[in-house]
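In: Here's my sequence, what's the structure:
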Amino acid sequence: MLVLLSKDIWYGAYMKAKGRRTVSDVVSEFGVNVEARIRPYFNNRGVDYPPEGLAMIAMKDERRMELWAYDQDRWSFIKSYDIQGSSGVLGPKLREGDLQVPEGIYKVVGLNPNSSFHLSMKLNYPNAFDLKWAEIEGRDNPGSDIFIHGRDVSIGCLAMGDQAIEELFIISERVGISYVQVIIAPTDPRKNQLAAGLDQPDWVKELYNNITEEWTKITNTEGRL
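Out: Numbering: from 1, shown residues only. Have a look, this model is predicted:
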């Protein structure tokens, strides 16, 4: 995931550090090359660039992420990325230090141009659903600081490699992070029904129903390759 494989440099650190680069610096450095790589994928799908919205949907068992774009009242598949590094097993994250990649429906809440892992995008884990069940179950520390980032190692986050994170970072900046959704599932619900294990709490069934419903809204699109 982050510094020492668990914590990233976030706003407080890099905003105070003299001479640290900004998001605009990253766009200036990588934007032209990244957009030359990524625009043909959008063009091939008949999707305007930048689109109105983005969805990144990740399958933990396949170590794969798909990028979808929302434009002209429909979702379109753009491309797939291999997840270069992650940790834990299938199942949601419950507490700090459990090494788990979260499962759920998240938003990107910040772009970090000064990550120790090249670039990173911070997710809103724990979200309202995570916090609700942590409180009910008395889990005081469900964890935090979950990112999508570069490089190829991670604990609790998704390491995408440097070229992939450059693309995801630049596209997200162009779209606006408030229009970027991230769904993380144990497996692809188009192939296998999401089912909670016998040793998992009952609320995991609700979580998997929510993930499947949102996933289907995005991926139930004609013309996907």
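In: so what's the closest residue to Arg37 other than its chain neighbours up against?
Out: Leaving aside its sequence neighbours, Arg37 sits nearest to Glu167 (CB to CB, 6 or more residues apart in numbering; 6.7 Å). C-beta: built from backbone N, CA, C; applies to glycine. Contacts for Glu167 were tallied using CB atoms under 8 Å, 6 or more residues apart in numbering; they are Val34, Arg37, Ile38.
In: what ranges of this structure fall below the confidence cut-off?
Out: 1-19, 222-225 (pLDDT under 70).
In: List the residues that contact the residue most central in space within it.
Out: Nearest to the mean C-alpha position of the chain, by CA atoms, centre = their mean, lies Val182 at 4.6 Å. By CB under 8 Å, 6+ apart, Val182 lies in contact with Ala55, Met56, Ile57, Ala58, Ile105, Tyr106, Lys107, Val108, Leu123, Ile148.
In: Filter those residues down to the ones in strands?
Out: Counted as lying in strands by DSSP state E, out of the contacts of Val182, are Ala55, Met56, Ile57, Ala58, Ile105, Tyr106, Lys107, Val108, Leu123, Ile148.
In: any idea which of the contacts of Val182 is closest to Gly161?
Out: Using CB to CB, Ile148 comes nearest to Gly161 of the contacts of Val182, at 11.0 Å.
In: buried stuff in stretch 29-36?
Out: Buried positions in stretch 29-36, judged by neighbour count with 16 or more other CB atoms under 10 Å: Phe30, Gly31, Val34, Glu35.
In: is it possible to export the contacts of Glu167 to TSV including distance to Glu62 and secondary structure?
Out: Below are the contacts of Glu167 laid out as TSV (distance: CB to CB, whole Å; DSSP: H, G, I helix; E, B strand; the rest coil):
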residue	distance to Glu62	secondary structure
Val34	25	helix
Arg37	23	helix
Ile38	22	helix
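In: okay, the residues you listed in CSV with distance to Lys205 next?
Out: Formatted as CSV, the contacts of Glu167 follow (distance: CB to CB, whole Å):
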residue, distance to Lys205
Val34, 40
Arg37, 40
Ile38, 37
